[in-house]
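In: Here is my input; please provide its structure:
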Amino acid sequence: MAGRIRASDIEEVKRRTSLADLVGDYVTLKNAGIDSMKGLCPFHDERSPSFHVRPALGYYHCFGCGESGDAFTFLQRMDHLTFAESVERLAARIHYALTYEEGGFSREEGPNRARLLAANTAAAEFFVAQLAGAEAAPAREFLTQRGFDEAACERFGVGYAPRGWDGMTGHLRGLGYTPQELVQSGLASEGQRGAYDRFRGRIVWPIRDTSGQTLGFGARKLYDDDNGPKYLNTPETPVYHKSQVLYGLDLAKRAISRGKRAVVVEGYTDVMACHLAGVEAAVATCGTAFGKDHIAVLRRVMGDDSAAEVVFTFDPDEAGQKAALRAFSEEKRFTAQTYVAIAPEGFDPSDLRQHRGDEAVRELFTRKVPLFEFALRQAIARFDLNSVEGRVAALREAAPIIAEIKDPSLRPGYTRELARMLGSELAEVQQAVRAAERAPRGEQRGAGGAAGRPTEPMRAPEDGRGRQGHPGDPGPARRIGLATLRNTPTTWLERDALMAMLQQGAAVGAELLEQAVTAQVMDPDLRVVRDAIGAALPALGQPTWWDAVLGAAPETHHGLIRELGMAPMPQRNPDHLAAYARDVVVSLLDRDLVELKRELLARHQRIGDSADPRARQIQQQLVALESARRSLRAE
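Out: Predicted structure coming up:
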């Protein structure tokens, strides 16, 4: 289908979409003032929240990296969509029927993300329906033996992929999907005779994003004559990136956000078992090791809280040991405390629930130990501690683990514990730990990179020569924003007045704004914003107000305008916000009148003779000036 979405439909979708709800599917937001919410930025790594959302305005802005936009922009950035696809996704979210007009972009150019997502959704429905068929009896038996009844399967969208070569592809082609779309979505593979089902004779789990959109699948084989791997996942596609998804996160996100705890298990049935046992914060990786992208996903949902917890479960075999050490190598990316829970007899959560019941699963996570302690013991277990060579090698392996413990107050205690475990002199172990602390370890050593440093949006950033930037500094790379403004009382007033004009323009009123855009503004960058507001006054009170201001300003100042429009205002009481906005704008105007009064008084003093006609004229001007100030304050 060729055509473009009707402009009025785009505006209506934007108007009806709750930006707070949309962003909340990806980021944990907290109240930050009147019509202002904040959380950790999903677009860059940070420890202190600098990502602000203004639901009433329909805009977001990060004061750390400068990313900003509306609901469409957010989806485009988060899910790698085109503009049209973001409109279609939001329209589907609010159940709004779009109208397409002839002309414009072609719907046939390249893989259409919306079509690929729709194909995954249709496939998920197909697999669920197949689970009830006669062929799926072994799948139902497998699930029942592990304690998963029909209701549990329905809750998690578990399905069955038939053994034939084209059951699913034939069904989806009947719905209008092309073989190319099925291959691009990872649902089908390309053979000499065309596309055929990727998943055959397997139990299938849908892998969804935080909004519940099906991105891909994980599938377990059932039959002995299946020569494929035990687990088969969707390959990398335009919509599925295994390093950025966590199975079960769509169901777990609220529990994670509310309880400030995430549980990371190793399999799909482990996630099901945990949720059914009441541990609803459980998620799992999808055919890949837990890595930095997964950490970023969890941090956005959980927020950064030093009291928060992330609990891992690992199999007690060699693969589990390697997984634990990999997880520990990324542990410093978390602000949360990290732990490991190992079930007795080596059971995973699914086996534990099957053999011991729901209570045993819940108890498993109360017996957690710090991840660094588990990693320490696993590292030492690989060596023969009865030999000098083994003890030296174990110390060399274990000392960096102690050096990486986030809480330095814990390091001396674990240094003594390591000396006891190795049977080595305490001084020798202390020396090894100190050497490991001094050794460069890239990002994990917290070398002062952006990933480990709190954002300070109100401080001017340093340029490449160590100087703090100012508006007059040369260089096209300079990003103009609140942090680059001069730190003086004069600039503070100008900044606050422009914030009020942008955010509360309707409350300030057109008449007062018309005066304010002629007020003197000393800061050159803020002066550009003042002029843009003046040029955009015809759009005051309309949904296009912000866009009009941005359109009237050079692109170099768009970031500053967005920050002025997004920054929380000092007034926290919504009943007093309009009055505050008017007062601060009046203060900007009054500053000009006070300066004019000072000049008139100085001229009057220089004349000296009060009978001089020039002096009488100045007196009249002073009276008129005071009248204007009283009138301004009375408005």
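In: Run a quick neighbour tally on Asp612.
Out: The local packing of Asp612 (other CB atoms under 10 Å) involves 12 other residues. C-beta coordinates here come from the backbone N, C-alpha and C atoms, glycine included.
In: Let me know the pLDDT of it.
Out: We have a pLDDT of 74 for Asp612.
In: show me where pLDDT drops low in the protein?
Out: 1-3, 80, 102-111, 315-318, 320-321, 440-478, 604, 625, 628-629, 633-635 (pLDDT under 70).
In: Report the residue ranges of every domain in it.
Out: Domains of the chain are assigned by automatic domain parsing as 2-106, 113-240, 249-375, 383-440, 481-635.
In: Please work out which of the ones you listed is packed deepest.
Out: Ranked by mean neighbour count under mean count of other CB atoms under 10 Å, these are led by domain 249-375, which reaches a mean of 20.
In: and the closest residue to Pro179 other than its chain neighbours, what element?
Out: Excluding the flanking residues, the one nearest Pro179 by CB to CB, 6 or more residues apart in numbering is Ala195, at 3.9 Å. Taking DSSP states H and E as the definition, Ala195 sits inside strand 194-197.
In: Parallel or antiparallel, which strands does whichever helix or strand comes after that strand pair with?
Out: Using DSSP H and E, the next helix or strand after strand 194-197 towards the C-terminus is strand 202-208. Strand 202-208 sits in its sheet next to strand 159-161 (antiparallel), strand 214-221 (antiparallel), going by DSSP bridges.
In: My read is that Ala219 contacts Asn233, right?
Out: Yes: counting by CB atoms under 8 Å, Ala219 touches Asn233, with 7.4 Å between them.
In: re earlier: closest to Asp407 out of the strands paired with strand 202-208?
Out: strand 214-221 (36.2 Å; CB to CB).
In: Only C-alpha atoms, please: export the closest one in CSV.
Out: Written as CSV, here are the backbone C-alpha positions of strand 214-221 (Å, rounded to 0.1, in the frame of the first residue of the first chain):
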residue,chain,number,x,y,z
THR,A,214,6.2,-9.7,20.4
LEU,A,215,9.7,-9.4,18.9
GLY,A,216,10.7,-13.0,18.5
PHE,A,217,10.5,-16.5,20.0
GLY,A,218,12.4,-19.0,22.0
ALA,A,219,11.7,-22.7,21.2
ARG,A,220,12.6,-26.0,22.9
LYS,A,221,12.8,-29.3,21.0
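In: Now do the helix or strand following that strand: which elements does it pack against?
Out: Using DSSP H and E, the helix or strand that follows strand 214-221 towards the C-terminus is strand 231-233. Strand 231-233 sits against strand 214-221, with contacts defined as 3 or more CB pairs under 8 Å, 6 or more residues apart in numbering; DSSP states H and E.
In: which residues sit against the strand it packs on?
Out: Strand 214-221 is contacted from outside by 117, 120-121, 123-124, 127, 157, 161, 186-187, 199, 201-209, 228-234, 237, 239-240, 242, 245, 247, 268, 286-287, using CB atoms under 8 Å, 6 or more residues apart in numbering.
In: Please repeat the previous calculation with a cut-off of 7 Å.
Out: Outside strand 214-221, the residues within contact range by CB atoms under 7 Å, 6 or more residues apart in numbering are 120-121, 124, 161, 186, 199, 201-209, 228, 230-234, 237, 239-240, 245, 247, 268, 286-287.
In: show me where the stretch 451-600 of the chain has strands.
Out: For the stretch 451-600 of the chain, applying DSSP state E, counting those that start in this stretch gives no strands.
In: biggest helix in the chain by residues?
Out: Criterion DSSP state H: the longest helix present in the chain is helix 577-607.
In: In terms of secondary structure, what does that one contact?
Out: When contacts are defined as 3 or more CB pairs under 7 Å, 6 or more residues apart in numbering; DSSP states H and E, helix 577-607 sits against helix 489-503, helix 505-508, helix 510-516, helix 613-634.
In: picking that back up, list the contacts of the residue nearest to Pro179.
Out: 169, 179, 182-183, 188.
In: redo that, cut-off 10 Å
Out: Counting by CB atoms under 10 Å, 6 or more residues apart in numbering, Ala195 touches 165-166, 169-170, 172-173, 178-183, 187-189.
In: Ok, Arg377 next?
Out: 321, 324, 340, 369, 398, 401, 417-418, 421.
In: how does it look with 6 Å?
Out: Contacts for Arg377 (CB atoms under 6 Å, 6 or more residues apart in numbering) come out as none.
In: May I see the helices and strands packed on helix 577-607 arranged in CSV, with distance to Ser50 as well?
Out: Shown next, in CSV, are the helices and strands packed on helix 577-607 (distance: least, CB to CB, whole Å):
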stretch, distance to Ser50
helix 489-503, 17
helix 505-508, 25
helix 510-516, 29
helix 613-634, 36
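In: what's the closest of those to Thr544?
Out: Thr544 lies closest to helix 505-508 among these, at 12.3 Å (CB to CB).
In: Quick one: list the elements packing against that closest one.
Out: helix 577-607 (3 or more CB pairs under 6 Å, 6 or more residues apart in numbering; DSSP states H and E).
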